[in-house]
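Q: For reference, the sequence and a predicted model appear below.
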Amino acid sequence: MTRKITAKTGLEIECKGWEQEAALRMLYNNLDPEVAERPEDLVVYGGIGKAARNWESFEAIENTLRNLEADETMLIQSGKPVAVFKTHEEAPRVLLSNSVLIPKWANWEHFNELDKKGLMMYGQMTAGSWIYIGSQGIVQGTYETFAELANQNYDGTLRGTITLTAGLGGMGGAQPLSVTMNEGVALCVDVDETRIDKRIETRYLDIKTDSLDEALKLAAEARDAGKPLSIGLIGNAAEVHHEILNRGFEIDVVTDQTSAHDPLNGYVPEGYSLEEAKKLREENSEEYVKLSSASMAKHVEAMLQFQKNGAVVFDYGNNIRQVAFDTGVENAFDFPGFVPAYIRPLFCEGKGPFRFAALSGDPNDIAVADKKMRELFPENEKLMRWLDMAEEKIAFQGLPARIAWLGYGERAKMGLALNELVKSGEISAPIVIGRDHLDSGSVASPNRETESMKDGSDAVGDWAILNALVNTAAGGSWISVHHGGGVGMGYSLHAGMVVVADGTDRAAKRLGRVLTTDPGMGVARHADAGYDIAINTAKERGVNIPMLKE
Ligand code: NAD
């Protein structure tokens, strides 16, 4: 059985309250064809990141949400509803745990066995926790990353530079737009032409070609003219990157967002068409992983060579360095990950990918919210610039939504303001507020968010668990704990948070609490690791940390 799911809009609800309705609508939204990469298989993004374990579980979740009382909580175990308990009205309506394995068994082989038996599902980050909003969800973070790279290397702009990357999937699709928003040229390689087409349809990518000659010609012309341009090139990165090196073509920045975190389902080995890859995956998974790992090693070797040639090279959170290292590339970690290179100072202030979606489906609700954000934070110049660009260039996918990196204090202020706008009717229906798991206080991921922590605490997983626990205690609407998102099995633990602004006084209390505890965990985590920005943020904004260093 498969079903075609589309985002549900309007003011009429089928559940017993807006909070339950919000969970249902966000589940639908995750699987809307405009939003999801392979909705027929329940796959939302990021390799095989799914919204529900199978269609039977999906329907059981739907029905349970429709019947769920305002003082009950549904439990989801890896995409399957497993129990409903009476709790209380300020408790979460849904608690989710996805893909969590006991550490000794926490690898893809064991996960894939359980997945085949129907006992598990890969939740990625926001796929299994129902707060994916399409490529917009990542685009601001990607934009900020390239902006910081430009500040550190090129006087604040990518004008006149060429960025080479691969992977135009759900997240990776944000790369071309982020590069052109920073005025640069992006050359993006993907083996799957349909992914390239999707990015063109949603205005994240300018043009496509299957000719490397043409791609390089167009890239060089745009670079020389100082014009922003993004080019999608159909090809396999493990081959194309070496071709570019062989031709001596100069590249300025190199990164990658193929789904390297999942060697079986995410990365296509060189020499294989999509069809051939699919066949091999089904017939001989061991051979597939061997070939894809060898291709990834080759891909990373090319990235290292670009670095030697003078390019700025960084890992974009897909764990490709680890796969290459395990396959024998000893210096795979010679280039840094994007978090220590560009993002950590933001995390220290509790800043991260705060997002919200309009359950009405009315884009005007987001316009009203944007206006409010401008009124509340006029001194935040980066945010103002971002809103100008987002309003002009971001096409909504599924429910209208907005991403805005806000920090400790700002998130609670914005959440409460949104609740007031719902209460007054200026926003026509409740707003769902959440974030990516890739955030300041919600992830332990030693090759990504917690790479090279100042005190060496990269692999300490307690923080992610504490984040989920405190957000549950504070009254989030649905709270999740996941394993393996972003970087794959064995490499990360992370937590998700969603809270609904329905305009009631009870929601205001919950919003005020959750939107303080959640970024507060980011400040506490980084202050504990000894980062001055976090220590100062805690002192200035009053985050209570018992053993804070003076
Ligand atoms: P996705 O699975 O939707 O897309 C991956 C893309 O890579 C597909 O379009 C696929 O065709 C392409 N691809 C696979 N092998 C290739 C090859 N050899 N050459 C060229 N293209 C190839 O995944 P996504 O959601 O876009 O995420 C991409 C990666 O980034 C994942 O590993 C994900 O975990 C990671 N990620 C990064 C961030 C971030 O902020 N940087 C956030 C979330 C996820």
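A: Now that the structure is in, tell me what you want to look at.
Q: give me the number of residues near the closest residue to the ligand within the stretch 151-300 of the chain?
A: Closest residue of the stretch 151-300 of the chain to the ligand, C-beta to the nearest ligand atom: Gly169 (1.8 Å). In short, each C-beta sits where N, CA and C put it, glycine included. The number of residues packed near Gly169 is 21, by other C-beta atoms under 10 Å.
Q: Report the contact partners of it.
A: Residues near Gly169 by C-beta atoms under 8 Å, 6 or more residues apart in numbering: Glu37, Tyr45, Gly46, Asp190, Arg195, Gln257, Thr258, Ser259.
Q: Go through those and flag which are in helices.
A: Restricting the contacts of Gly169 to those inside helices, with DSSP state H as the criterion, leaves Arg195.
Q: Now the phi/psi pair for the residue lying closest to Gly17 once chain neighbours are set aside, please.
A: Leaving aside its sequence neighbours, Gly17 sits nearest to Ala70 (C-beta to C-beta, 6 or more residues apart in numbering; 4.7 Å). With angles defined as degrees, to the nearest 10, Ala70 sits at phi -70, psi -10.
Q: Contacts only, for Ala70.
A: Neighbours of Ala70 in contact, by C-beta under 8 Å, 6+ apart: Lys16, Gly17, Glu19, Gln20, Glu89, Arg93.
Q: quick one: it and the ligand, what's the gap?
A: Distance, Ala70 to the ligand, by C-beta to the nearest ligand atom, to the nearest Å: 33 Å.
Q: Buried members of the contacts of Ala70 into PyMOL, please.
A: This is the PyMOL syntax for the buried subset of the contacts of Ala70, where burial follows 16 or more other C-beta atoms under 10 Å:
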select buried, resi 17+19+20+93
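Q: give me every residue that touches the residue of the stretch 451-550 of the chain found nearest the ligand.
A: Using C-beta to the nearest ligand atom, the closest approach of the stretch 451-550 of the chain to the ligand is made by Gly486 at 4.2 Å. Contacts for Gly486 (C-beta under 8 Å, 6+ apart) come out as 46, 124-125, 261, 317-319, 437-438, 443, 445, 448, 492, 494.
Q: Please apply the same query to Tyr122.
A: Counted by C-beta under 8 Å, 6+ apart, Tyr122 has contacts Gly47, Ile48, Gly49, Lys50, Asn98, Ser99, Phe111, Asp115, Gly128, Asp262, Gly484.
Q: Likewise for Leu177?
A: Ser135, Val139, Tyr143, Arg203, Tyr204, Leu205, Ser230, Lys393.
Q: do the same with Ile533
A: Contacts for Ile533 were tallied using C-beta under 8 Å, 6+ apart; they are Pro345, Cys348, Glu349, His526.
Q: circling back to that earlier point, I'd like the list of the contacts of Leu177 that fall within helices, please.
A: Those of these lying in helices (DSSP H): Val139, Tyr143, Lys393.
Q: Which helix or strand contains the closest residue to Thr9 other than its chain neighbours?
A: Leaving aside its sequence neighbours, Thr9 sits nearest to Gly361 (C-beta to C-beta, 6+ apart; 2.5 Å). Per DSSP states H and E: Gly361 is located in neither a helix nor a strand.
Q: and Gly361, how many neighbours?
A: Neighbour count of Gly361, defined by other C-beta under 10 Å: 20.
Q: With Gln305 instead?
A: Neighbour count of Gln305, defined by other C-beta under 10 Å: 16.
Q: which residues touch it?
A: If you count contacts by C-beta under 8 Å, 6+ apart, Gln305 has them with Leu245.
Q: Surely it is within a strand?
A: No: using DSSP: H, G, I helix; E, B strand; the rest coil, the assignment for Gln305 is helix, not a strand.
Q: coming back round to it: tabulate the contacts of Ala70 (a markdown table), appending pLDDT and secondary structure.
A: Formatted as a markdown table, the contacts of Ala70 follow (pLDDT from 0 to 100; DSSP: H, G, I helix; E, B strand; the rest coil):
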| residue | pLDDT | secondary structure |
| --- | --- | --- |
| Lys16 | 98 | coil |
| Gly17 | 98 | coil |
| Glu19 | 98 | helix |
| Gln20 | 98 | helix |
| Glu89 | 98 | coil |
| Arg93 | 98 | coil |
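Q: and the ligand, which of the contacts of Ala70 contact it?
A: Among those, no residue sits close to the ligand (C-beta under 6 Å from any ligand atom).
Q: I'd like to know which of the contacts of Ala70 is nearest to the ligand.
A: Nearest member of the contacts of Ala70 to the ligand, counting by C-beta to the nearest ligand atom, is Arg93, at 25.8 Å.
Q: From the contacts of Ile533, pick the one nearest the ligand.
A: Of all those, the ligand sits closest to Pro345, with 16.3 Å by C-beta to the nearest ligand atom.
Q: Return the per-residue confidence for that closest one.
A: On pLDDT, Pro345 comes in at 95.
Q: Likewise for Thr2?
A: 87.
Q: Helix or strand: which one has it?
A: Per DSSP H and E: nothing holds Thr2, as it lies in no helix or strand.
Q: how far away is it from the ligand?
A: 19 Å.
Q: Can you name the residues that contact Met74?
A: Ile61, Thr64, Leu65, Leu68, Pro81, Ala83, Val84, Arg93, Val94, Leu95.
Q: go again using 7 Å as the cut-off
A: Residues counted as contacts of Met74 (C-beta atoms under 7 Å, 6 or more residues apart in numbering) are Thr64, Leu68, Pro81, Val84, Arg93, Val94.
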